[in-house]
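[1] Predicted model and sequence below, questions to follow.
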Amino acid sequence: MFFMVKAEYGGPPLIQLSVRRTWARQVAAAGWAVLGGCAVLDVLDWDESVTPRRPARVRAALVWADYDAGTHGWRAHADNRDLRVARSPQGQATRVMPGEEPSGGHEVKAP
């Protein structure tokens, strides 16, 4: 992921992410551009057991910002993470962060 934040003339920050050529067709058109509050950069694995198929593992951009009252002002940070996608009993997709993996292969319940 290429990451850039621009905040000019007191306006809100603008975050630009560089994605693969297939992103518009495989991710955005399918409705998977945002998952659990994170921008999805790519779908790494698909769950083919359902129709239509849905993401089982994604590469997501974790973006966060903080304010430095010194000379820097707003500072933004980003990281790519490969995350598993879990489903609630109602079928709602949730991202599973590293360290949150359930033991014994059980599904994670959505809040």
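    Okay, I see it.

[2] got the buried residues for stretch 46-56?
    Residues 54-56 are the ones in stretch 46-56 that count as buried (16 or more other CB atoms under 10 Å). (Glycine included, C-beta is placed from N, CA and C.)

[3] Low-confidence bits of this structure, can you list those?
    Applying pLDDT under 70 to the chain flags the ranges 1-14, 71-72, 99-111.

[4] mind listing what's buried in the helix or strand where residue 86 lies?
    Element membership for residue 86 (DSSP states H and E) is strand 73-87. When burial is assessed from 16+ other CB under 10 Å, strand 73-87 yields the following buried residues: 78, 83-87.

[5] could you pull out the strands for the protein?
    Here the chain has its strands, by DSSP state E, at 3-6, 14-17, 34-35, 38-47, 54-68, 73-87, 93-96.

[6] do you know which of the ones you listed lies nearest residue 28?
    Set against residue 28 and scored by CB to CB, the strands of the chain come closest in strand 38-47, at 8.7 Å.

[7] so what strands line up beside that closest one?
    strand 34-35 (antiparallel), strand 54-68 (antiparallel) (DSSP bridges).

[8] Figure out which of those strands is closest to residue 21.
    Here strand 54-68 is closest among those (CB to CB), at 14.8 Å.

[9] Can you pull out the residues in contact with the closest one?
    For strand 54-68, contacts defined as CB atoms under 8 Å, 6 or more residues apart in numbering pick out 1, 3, 5, 13, 15, 17, 32, 35-36, 38-47, 73-85, 93, 95.
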